[in-house]
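1. please work out how this folds:
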Amino acid sequence: MDQLVSGLDLTMLFDYYEMTMMNGYFENGVGNRIAYFDMFFRHVPDEGGFAIFAGLEQVISYIENLHFSEKDIEFLASKKIFSPEFLEYLRHFHFTCDVWAMPEGTAIFPGEPIVTVRGPVLEAQLLETMLLLTINHQSLIATKANRIVRAAKGRPVAEFGARRAHGYSAAIYGARAAYIGGCASTSCTITDRDFGVPASGTMAHSWVQMFPTEYEAFAAYAKTYPDSCLLLIDTYDVLGSGLPNAIRVFRDVVLPTGNRPLGIRIDSGDITYLTQKVRKVLDEEGFPDAKIVISNSLDEYLIRDILNQGACIDSFGVGERLITSRSEPVFGGVYKLVAVEDEEGNVIPKIKLSENVTKITNPGFKKVWRLYGADGEAVADVLTLPDEIIDPADGPYTIFHPAYTWKTKKLENFTARQLLVPIYQGGRLVYDCPPVKEVRVYCEKEISLLWSEVKRLNNPHIFYVDLSPKLWEIKERLLKNKGRA
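-> Below is the predicted model of the structure:
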């Protein structure tokens, strides 16, 4: 369980309208009516082909500590709009919902439920704000990190963004999410302590400036860390002084200890030109094993370009453009009512209509299936009603585009997997969160099963999220009847 979230009182971290709606439900006698909410998103950041689901562990920690203190009750009472009976309900609040979610690290696509909540509307409504802010943020950073890692083409990427993050929680959980997305390490030490994400780092320019000369600064560092000596060589002049002084220290200090230097880091300048020159000199001076590490406001596009230009780089440190997802800093996950139950327990689908077609929801309580071809690669996701089973043993299965229904594809020799797994049953936690290192491995496998065309940084192939014929018919009926079942 996440100790940071568990140690904070976050119950009141909700949009005020959650409480006004809850009070209204209570006063109108519908608070215990069973409702179904889906969290989904509409658009992949950076026009990418897929996103990565992250943040579930922190949502669970929040739910496990969800209760209203006397201080909370007193504050709400001071607003003079909530009934005493409702406040008494909050005083004894107890979570009883069912929750399903995709495992963290799952590749996700627009329009499909990534979390589904079923339970009394009073409880289900309350989760909206915290669920969205947690999953939106971590999914955004995990997705951005993976784009950067893919651009690096196998070279390790360290997340270096803590000082540029939007607050301490964004630094901590951004580093966690970046690791899920494929980063090899982080500069954020607390994320290493709490989640086991490897922390890394060497020196800043201030270290070099603290000593009378650059050589003395390098020598002092090498004496302190002879078995992991990596020197920052751009404080003054990369080729004129930084590199020559680093090589002198490698020879004078590191080699006599029986160690080999780890390498050098460059944080400014023309990266392609400088790394080519540095690599040539290091090789000629007998240090072909010395690594070249690059930082300096990097993102996937700059990394891709400098590698295409022939830059000689062994690993990257990426900061502000990763931890803030600067190119598109919003993950547009939403939380929408999709069904309610009547008094007999029948599920009544609900739909949100809009003149903006992308804002029309997929109604009803649903399963999410991922279909894989004979080669093991993912072909499409399909949303079905809960009583529908996609069983390859039943023979070929035809999928169709939910908008352009004449576009069909018959699948044979395929496999199918349900993506949503139980997290809570009747308010009881039934899911064990795996360690973040296992989540990272799972994420890597998930992405390896996507077509390479889906993983293009620009103009990726669209991975379709289709509807089963039964679900499609329900949606069409609701559309024709203006939302009435």
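
2. which of the residues in the helix or strand residue 17 falls within are buried?
-> Using DSSP states H and E, residue 17 sits in helix 16-27. Using 16 or more other Cβ atoms under 10 Å as the test for burial, helix 16-27 gives 19, 21, 22, 23, 25, 26. The way it works is simple: take the backbone N, C-alpha and C, and place the C-beta from them, glycine included.

3. tell me the SS of the most centrally placed residue in the chain?
-> Centroid check for the chain by Cα atoms, centre = their mean gives residue 139 as the closest residue, at 2.2 Å. Taking DSSP: H, G, I helix; E, B strand; the rest coil as the rule, one finds residue 139 in the helix state.

4. tell me the contacts of it?
-> 41, 51, 52, 53, 54, 55, 108, 177, 331, 333 (Cβ atoms under 8 Å, 6 or more residues apart in numbering).

5. now residue 333
-> Counted by Cβ under 8 Å, 6+ apart, residue 333 has contacts 39, 40, 41, 114, 132, 135, 136, 139.

6. just for the chain, where's the confidence low?
-> 1 (pLDDT under 70).

7. rerun that using 80 as the cut-off
-> Applying pLDDT under 80 to the chain flags the ranges 1, 3-7, 485.

8. can you give me the domain boundaries for it?
-> As given by automatic domain parsing, the domain ranges for the chain are 3-141+331-365+419-460, 147-323.

9. can I get the ones you listed in CSV including distance to residue 377?
-> Formatted as CSV, the domains of the chain follow (distance: least, Cβ to Cβ, whole Å):
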stretch, distance to residue 377
domain 3-141+331-365+419-460, 6
domain 147-323, 16
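
10. nearest to residue 389, of those domains?
-> domain 3-141+331-365+419-460 (14.2 Å; Cβ to Cβ).

11. tell me how far residue 322 lies from residue 237.
-> 28 Å (Cβ to Cβ, to the nearest Å).

12. please, where are all the helices along the stretch 201-350 of the chain?
-> Remark: helices assigned in the stretch 201-350 of the chain by DSSP state H, counting those that start in this stretch are 205-209, 214-224, 243-249, 271-284, 300-308, 320-323.

13. residues touching the residue nearest to residue 201 when sequence neighbours are not counted, list them.
-> Nearest residue to residue 201 in three dimensions, chain neighbours excluded: residue 187, at 5.1 Å (Cβ to Cβ, 6 or more residues apart in numbering). Residues in contact with residue 187 (Cβ under 8 Å, 6+ apart) are 158, 159, 160, 161, 162, 175, 199, 200, 201, 317.

14. what's residue 165 sitting at in phi/psi?
-> The phi and psi values for residue 165, taken as degrees, to the nearest 10, are phi -70, psi 160.

15. for residue 466, same thing?
-> Residue torsions, per degrees, to the nearest 10, at residue 466 are phi -100, psi 170.

16. C-alpha coordinates for the helix or strand where residue 86 lies, CSV please?
-> In this structure, residue 86 sits in helix 84-91 according to DSSP H and E. Extracted in CSV, the C-alpha atoms of helix 84-91 (Å, rounded to 0.1, in the frame of the first residue of the first chain):
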residue,chain,number,x,y,z
PRO,A,84,-28.2,17.2,9.0
GLU,A,85,-29.3,13.7,8.0
PHE,A,86,-26.9,13.7,5.0
LEU,A,87,-24.0,14.9,7.3
GLU,A,88,-24.8,12.0,9.7
TYR,A,89,-24.6,9.6,6.7
LEU,A,90,-21.2,11.0,5.9
ARG,A,91,-20.1,10.5,9.5
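
17. which strands and helices sit next to that helix?
-> Secondary-structure packing of helix 84-91 (3 or more Cβ pairs under 8 Å, 6 or more residues apart in numbering; DSSP states H and E): helix 16-27, helix 70-77.

18. which of those helices sits closest to residue 375?
-> So among the helices and strands packed on helix 84-91, helix 16-27 is nearest, using Cβ to Cβ, at 45.8 Å.

19. follow-up on the earlier one: just the buried members of the contacts of residue 187?
-> Of the contacts of residue 187, these count as buried by 16+ other Cβ under 10 Å: 158, 159, 160, 161, 162, 175, 199, 200, 317.

20. quick check on the second one: phi, psi?
-> With angles defined as degrees, to the nearest 10, residue 159 shows backbone torsions of phi -80, psi 120.

21. am I right that it is in contact with residue 145?
-> Yes. Residue 159 is within contact range of residue 145, at 6.8 Å (criterion: Cβ atoms under 8 Å).

22. sorry, back to before: starting from residue 204, give me the distance back to the residue nearest to residue 201.
-> 11 Å.

23. who touches the residue nearest to residue 318 when sequence neighbours are not counted in this structure?
-> Nearest in space to residue 318, with sequence neighbours left out and distances taken as Cβ to Cβ, 6+ apart, is residue 298 at 4.8 Å. Residues near residue 298 by Cβ under 8 Å, 6+ apart: 148, 316, 317, 318, 319, 321.

24. now residue 298: how far from residue 148?
-> The value you get for residue 298 to residue 148, if Cβ to Cβ is used, is 7 Å.

25. quick one on the thing from earlier: quick one: work out the angle between the helix holding residue 86 and helix 70-77.
-> Orientation check (axes from the mean of the first three to the mean of the last three Cα atoms, to 10 degrees): helix 84-91 against helix 70-77 gives 150 degrees.

26. list the strands paired with the helix or strand just after helix 84-91, with their directions.
-> Scanning forward in sequence from helix 84-91 by DSSP H and E, the next helix or strand is strand 98-101. Here strand 98-101 is paired, per DSSP bridges, with strand 115-120 (antiparallel), strand 421-425 (antiparallel).

27. can you pull the contacts of residue 296?
-> Residue 296 neighbours (Cβ under 8 Å, 6+ apart): 266, 267, 268, 269, 271.
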